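Visitor: return atomic coordinates for the entry below.
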Amino acid sequence: MAELEQRARSQLKQAVSRHILIGDPGDRVVQHAQAIKSELVVTGPAHSRMPGEKLFGSTAARILRTAHLPVLSVRRRALDAYGHVAVSVDFSTASREAVDVAQALFPAAEMSLVHALEVDPDWSDTDTRKSINDIEVAERAKARHIAEREMASLAGGAGARIRSVMLEGRPAAVVADFVERERPDIVVTGTHGVTGEQLGVIGSTAESLLATLTCDVLAVRSVK
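Guide: This next block holds a predicted model:
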């Protein structure tokens, strides 16, 4: 612990205090962070420790389930400030708050808003003149139009510093593919989305990102 404290002082060039807690780390870290009015909790990776162990069994994931402040799961040794930040967005309240937090924490970084287009055609259309392809094309165009409007709202007046990325597929797979291709330094995600997850649940997309991504992940729980 003393060695870690010394290293932190050397790297951060500011005061560092040491706190030793007794009890379950998943519970005590969150309680202590609230008590000292911390604005961020930093943990190691949220990968499972043993084959077959669920992500929720890891300390990092249990911290995330109960923390009402942002939780940063670190994968790599920091070499510099985050230069490229990707934010997973589904246009829910949680993802909008994730964008706000990302902009506040990383004002100088290039930012990519990554959205998964999930095309779900309405097969109840009774117009028999429409082919399956016509219905799918129409639904895809509708989904893209809505996404473009929402993306413009999220980007606001940030201009060229924020770019919109829309790819078809499931959210976790789309973000993972983006990370593999573009190599962002960090992914920011809301901890629940349009499905209305209850307190203590982080949501399947956030869970998958925490378990599988190779870059750092910042999870932001919606306060609404």
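Visitor: what helices or strands is the strand or helix carrying residue 9 leaning on?
Guide: Taking DSSP states H and E as the criterion, residue 9 maps to helix 2-12. When contacts are defined as 3 or more Cβ pairs under 8 Å, 6 or more residues apart in numbering; DSSP states H and E, helix 2-12 sits against none of the other helices and strands. Just so you know, the C-beta spots here come from the backbone N, C-alpha and C atoms, and that holds for glycine as well.
Visitor: what's in contact with it?
Guide: Outside of helix 2-12, the residues within contact range by Cβ atoms under 8 Å, 6 or more residues apart in numbering are 15-16, 18.
Visitor: if we go to 6 Å?
Guide: Residues from elsewhere that reach helix 2-12 (Cβ atoms under 6 Å, 6 or more residues apart in numbering): 16, 18.
Visitor: same check on stretch 104-114?
Guide: 82-89, 154, 162-165, 175, 178.
Visitor: ok so, going back, beyond the helix holding residue 9, next helix or strand please.
Guide: That would be, after helix 2-12 and using DSSP H and E, helix 25-35.
Visitor: list the buried ones in that next one?
Guide: 26, 29-30, 33 (16 or more other Cβ atoms under 10 Å).
Visitor: what's the lowest-pLDDT member of those?
Guide: Within the set of the buried residues of helix 25-35, pLDDT is lowest for residue 26 (79).
Visitor: would you map the helices across the chain?
Guide: According to DSSP state H, the chain carries its helices in the segments 2-12, 25-35, 59-66, 93-105, 132-155, 171-182, 204-212.
Visitor: of the ones you listed, which is nearest residue 43?
Guide: The closest of the helices of the chain to residue 43 is helix 59-66. By Cβ to Cβ, the value is 4.2 Å.
Visitor: so which elements touch the closest one?
Guide: Secondary structure elements in contact with helix 59-66, counted by 3 or more Cβ pairs under 6 Å, 6 or more residues apart in numbering; DSSP states H and E, are helix 25-35, strand 71-73.
Visitor: if we go to 10 Å?
Guide: helix 25-35, strand 41-43, strand 71-73, helix 204-212, strand 216-220 (3 or more Cβ pairs under 10 Å, 6 or more residues apart in numbering; DSSP states H and E).
Visitor: enumerate every residue touching the most centrally placed residue in the chain.
Guide: Geometric centre of the chain, nearest residue: residue 189, 1.7 Å, by Cα atoms, centre = their mean. The contact partners of residue 189, taken as Cβ atoms under 10 Å, 6 or more residues apart in numbering, are 86-90, 94-95, 98, 102, 114, 171-172, 175, 202-203, 205-206, 208-210, 213, 217-220.
Visitor: nearest residue to it in space, ignoring adjacent ones along the chain?
Guide: residue 88 (4.3 Å; Cβ to Cβ, 6 or more residues apart in numbering).
Visitor: check residue 216 too.
Guide: residue 186 (4.3 Å).
Visitor: could you check the pLDDT of the one you found?
Guide: 96.
Visitor: what's the answer for residue 135, then?
Guide: 73.
Visitor: same check, this time on residue 51
Guide: 42.
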